[in-house]
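>>> structure of the sequence below:
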Amino acid sequence: MPAPPQAPHILRFGTYEIDVRAGEVRKGGVKLKLQEQPFQVLCMLVEHPGEIVTREELRNRLWPADTFVDFDRGLNAAVKRLRDALGDSADSPVFIETLARRGYRFIGTVEIPTATPSARPRPWHWLSTTRNAVISGLTACALALSFLYYSHSVRSKASHPAATPVVTPVVTNVGAKYTPSLSPDGQHLAFAWNGGAGDHYSIYVKLIGGEESLRLTQQASIDFNPVWSPDGRYIAFCRILKGETGIYVIPALGGAERRMRKTLWDEQEFYEALGAAGRLSWSPDGALLAFSDRVSRNEPVSSIFLLSLESQEIRRLTSPPRWSDFDPVFSPDGQTLAFARRGTGIYMVSVLRGEEQHLISGGYNWGLAWAPDGRHIVFPDASWPVNAGWLWKISLHGGEPERLQFGQEGIEPMIRGNQLVYVRQIANINVWRRKLSSSHTAGPADRFISSTRMESGPQFSPDGSKITFESTRSGYYEVWVCRSEGSGLIQLTHFRSITGTPRWSPDGQRIAFDSRAPGNADIFVMDSQGGSPRRLTSELSTDVVPSWSRDGRWIFFASDRSGRWEVWKMPPDGGTTVQVTHQGGFAAFESPDGRFVYYAKGLGVPGLWRIPTNGGKEIEVISSLKAGYWGYWAVVENGIYYLDMTAKPGINFFDIATHRTTRVFDLENRPAWGAPGLAISSDKKTILYTQLDALNSDIMLVENFR
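The predicted structure is shown next:
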């Protein structure tokens, strides 16, 4: 198709005006948001009004010959976004007519007004390829548009009072949705979604304000954490798939994906990886990808690395002593990375020098975002299972964090300009009950302690008359007590923090529990009838999940004070602590006869272990207890009830004498990963277990964020 001798750079049709050089489309003087490829389609159509522009001609303009892309899907998506922006319809077109299997025709009236001054674009490229000439032309429009947009924003803020933030749901599809990411121009959103059901997640992109989503990835895998290239043309994302796990890049409108880096991430289910889903960030200059990974399979913790997209060289940026680093996020100027160190807090590190700065202590593992001014960081105060947390921000100079006006149940924040997106996740976890027989079979299931919030960690009192458990029905995780039939609920603690895993003393007079109320987690004891809790531990370490020895002389608990999780014990009235395990340990219970201490090994290590009470060699008792389900087992006189995830999730009984395993019953729903979840009554006739009955998430958009 011959081009006009000298194409004008200002064109008008209806109430719309196109500035070709600046890369802008305006309606009635108001600039519209339109991505690069839809804009190029519009330019080509209005340059040839009334003529058929074939699909092949559009392909040659949008994608050079050496580009590997699903052209049909990419072009269809570009035209759809163009029509959405213009308010046009394929069925009743006003501007863009479809000629089936041939191409498109602009049927509106195009006017050429008097020329106006234009901005001179400057090129930018990503990765050295033979497409530089075409890429420079296309990305120039995007850069000019970005410059005009931000210049307009600055002028607007100077002349008008700040607008009030407006919060609206932007993705409410049925199913689980996570890791939202706004495009550089703020008009599109990329996110991970399971399509409504199932365990596989794909990357989707949708227009802000539109309804339909474009599915970018098609594998039966777990794809998550999409991040945009600075020019908006590509999306990098994480994939977990046996033999194919790694960092990938795909065109933002769809096409062939490319693995940029093979990683050593655990091949686990998404809800198990959810608390560490933030693993990737693209630098503002487009040169680097920051990611979280291990050096080798034998490395116990993850560090932050930098991948050069030009040379493919890797540089290690952090070397955590004992806890993994996740959630890397580049600052707006690209000079600093913020990240979360699991169980320790939020840190910053210089990209050039590698110098670390500790910003705030705590277990903040659900995503970070830089404020546009580069002087604050937004983070969620949440735990797994997600508590009724909130979004907060803290100054880079430290001090007390400030709670935002919005962000209830918020995780995974992401900020682009004056827009903030986050996931609002609401979990419903309940305690279920079944009757047990002497032959290790179970009766029908009964939803026993339930609410619209989270109920977990049940434990029978020694005489079987009461049950203590942790609950968020008050708005925070607190310790509660009820009668054995479920009536007479009483809230025991009022810390307004993350408080739980309560355990009865052998005489039923006291309850030990852990709480993060002091700042980091510590062990407390209080009277089972109520009263003032007494703090037992005061180390800088994290001390959690207490239990009592059968004679009441000791409280076992898990602590990281030695550099990794181990089981320790101390007298219930305070005193010297004693280390019990030396090869890893977490969530300990003493056997009914007092001869052994049984324990799991935390979130990352499978199996159930035991060691003689008076010391000795540890042995693995059950290997099939899956990592992360440290709270789903209970020791009785002749065996162990435990969660088995080998096939369908269910409760098994392991006979200690014969080493035989019996299936007791299948679970109705998914168990709650990372939560205390199993209890047996003292008469062995009732079992209580925790289930994740519902997990709902929506992606929320905050306009006018500042």
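>>> give me the beta-bridge partners of residue 665?
Taking DSSP bridges, one obtains residue 651 as the residues bridged to residue 665.
>>> tell me, how many residues neighbour it?
18 (other Cβ atoms under 10 Å). Just so you know, the C-beta spots here come from the backbone N, C-alpha and C atoms, and that holds for glycine as well.
>>> domains in this structure, as residue ranges please.
10-154, 167-278, 428-694 (automatic domain parsing).
>>> pull the distance from the longest one to the chain's centre.
Same thing as domain 428-694. 26 Å (Cα atoms, centre = their mean, to the nearest Å).
>>> span of it from start to end?
End-to-end distance of domain 428-694: 5 Å, with Cα to Cα, to the nearest Å as the criterion.
>>> dump the domains of the chain to CSV, plus distance to residue 299 and mean pLDDT.
Below are those laid out as CSV (distance: least, Cβ to Cβ, whole Å; pLDDT from 0 to 100):
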stretch, distance to residue 299, mean pLDDT
domain 10-154, 29, 69
domain 167-278, 8, 90
domain 428-694, 12, 93
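>>> next, format the ones you listed as CSV and append distance to residue 324.
As requested, those are exported to CSV (distance: least, Cβ to Cβ, whole Å):
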stretch, distance to residue 324
domain 10-154, 29
domain 167-278, 7
domain 428-694, 9
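>>> show me the one of these that comes nearest residue 393.
domain 167-278 (15.5 Å; Cβ to Cβ).
>>> how far off centre is the closest one?
Mean C-alpha position of domain 167-278 versus that of the full chain (Cα atoms, centre = their mean) differs by 11 Å.
>>> how long is that domain from one end to the other?
Per Cα to Cα, domain 167-278 runs 23 Å from first to last residue.
>>> what do you get for stretch 237-250?
So stretch 237-250: terminal residues 8 Å apart, Cα to Cα.
>>> and the residue lying closest to residue 354 once chain neighbours are set aside, what's its pLDDT?
Nearest residue to residue 354, sequence neighbours excluded (Cβ to Cβ, 6 or more residues apart in numbering): residue 317, at 5.8 Å. Note for residue 317: predicted pLDDT of 96.
>>> separation between residue 317 and residue 347?
For residue 317, the distance to residue 347 (Cβ to Cβ, to the nearest Å) stands at 11 Å.
>>> kindly report the same for residue 488.
Residue 488 is 46 Å from residue 347, by Cβ to Cβ.
>>> so between these two, which is more surrounded?
Using other Cβ under 10 Å, the more surrounded residue of residue 488 and residue 347 is residue 347, with 20 against 10.
>>> my guess is the more buried one contacts residue 361, does it?
No: using Cβ atoms under 8 Å, residue 347 is not in contact with residue 361, being 10.3 Å away.
>>> dump stretch 223-234 to PDB, restricted to CA.
Presented in PDB, the C-alpha positions along stretch 223-234 are these (Å, rounded to 0.1, in the frame of the first residue of the first chain):
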ATOM      1  CA  ASP A 223       2.500 -18.800  36.300                       C
ATOM      2  CA  PHE A 224       2.500 -15.800  38.600                       C
ATOM      3  CA  ASN A 225       4.200 -12.400  39.500                       C
ATOM      4  CA  PRO A 226       4.000 -10.600  36.100                       C
ATOM      5  CA  VAL A 227       6.100  -7.500  35.700                       C
ATOM      6  CA  TRP A 228       6.100  -5.100  32.800                       C
ATOM      7  CA  SER A 229       9.000  -3.900  30.700                       C
ATOM      8  CA  PRO A 230       9.400  -0.100  31.000                       C
ATOM      9  CA  ASP A 231       8.100   0.400  27.400                       C
ATOM     10  CA  GLY A 232       5.000  -1.800  28.100                       C
ATOM     11  CA  ARG A 233       5.800  -4.200  25.300                       C
ATOM     12  CA  TYR A 234       6.800  -7.300  27.300                       C
END
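>>> burial of residue 601, as a residue count?
Neighbour count of residue 601, defined by other Cβ under 10 Å: 25.
>>> mind listing what it touches?
Shown in contact with residue 601 (Cβ atoms under 8 Å, 6 or more residues apart in numbering): 565, 584, 585, 586, 607, 609, 630.
>>> which non-adjacent residue is nearest the second one?
In space, not counting the residues next to it along the chain, residue 584 is nearest to residue 601; the distance is 4.6 Å by Cβ to Cβ, 6+ apart.
>>> what do you get for the last one?
If you skip the residues right next to it in sequence, residue 630 has residue 600 as its closest partner in space, 3.8 Å away by Cβ to Cβ, 6+ apart.
>>> OK, contacts around the nearest residue to residue 654 once chain neighbours are set aside?
Leaving aside its sequence neighbours, residue 654 sits nearest to residue 640 (Cβ to Cβ, 6+ apart; 4.6 Å). Residue 640 is in contact with 598, 608, 621, 622, 633, 634, 653, 654, 656, counting by Cβ under 8 Å, 6+ apart.
>>> just checking, the first one touches residue 613?
So that's residue 598. No: if you go by Cβ under 8 Å, residue 598 and residue 613 don't touch, sitting 10.5 Å apart.
>>> pull up the overlap in contacts between these two.
With Cβ under 8 Å, 6+ apart, residue 598 and residue 613 have common neighbours residue 590.
>>> among these two, which residue is more densely surrounded?
Using other Cβ under 10 Å, the more surrounded residue of residue 598 and residue 613 is residue 598, with 22 against 18.
>>> can you list the strands that the host helix or strand of residue 643 pairs with?
Applying DSSP states H and E as the criterion places residue 643 in strand 639-644. Strand 639-644 pairs in its sheet with strand 633-636 (antiparallel), strand 650-655 (antiparallel), by DSSP bridges.
>>> dump the ones you listed to JSON lines, plus distance to residue 573.
Shown next, in JSON lines, are the strands paired with strand 639-644 (distance: least, Cβ to Cβ, whole Å):
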{"stretch": "strand 633-636", "distance to residue 573": "26"}
{"stretch": "strand 650-655", "distance to residue 573": "35"}
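>>> of those, which approaches residue 62 most closely?
strand 650-655 (52.8 Å).
>>> which outside residues touch the closest one?
Contacts of strand 650-655 (Cβ under 8 Å, 6+ apart): 440, 442, 621-622, 638-644, 660-667, 678, 687, 689.
>>> just the C-alphas of stretch 523-542, formatted as PDB.
Extracted C-alpha coordinates of stretch 523-542, given in PDB (Å, rounded to 0.1, in the frame of the first residue of the first chain):
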ATOM      1  CA  ILE A 523       5.700 -17.300  74.500                       C
ATOM      2  CA  PHE A 524       3.000 -16.300  77.100                       C
ATOM      3  CA  VAL A 525       1.200 -18.100  79.800                       C
ATOM      4  CA  MET A 526      -2.200 -17.200  81.400                       C
ATOM      5  CA  ASP A 527      -4.900 -18.600  83.600                       C
ATOM      6  CA  SER A 528      -7.400 -20.700  81.700                       C
ATOM      7  CA  GLN A 529     -10.200 -18.800  83.300                       C
ATOM      8  CA  GLY A 530      -8.900 -15.500  82.100                       C
ATOM      9  CA  GLY A 531      -6.700 -12.800  83.600                       C
ATOM     10  CA  SER A 532      -3.400 -11.100  82.700                       C
ATOM     11  CA  PRO A 533      -1.000 -13.000  80.400                       C
ATOM     12  CA  ARG A 534       2.600 -13.400  81.500                       C
ATOM     13  CA  ARG A 535       5.400 -13.200  79.000                       C
ATOM     14  CA  LEU A 536       8.000 -16.000  79.300                       C
ATOM     15  CA  THR A 537      10.500 -15.300  76.500                       C
ATOM     16  CA  SER A 538      12.000 -11.900  75.700                       C
ATOM     17  CA  GLU A 539      14.800 -12.800  73.300                       C
ATOM     18  CA  LEU A 540      15.200 -11.000  69.900                       C
ATOM     19  CA  SER A 541      14.500 -14.300  68.300                       C
ATOM     20  CA  THR A 542      11.100 -15.600  67.100                       C
END
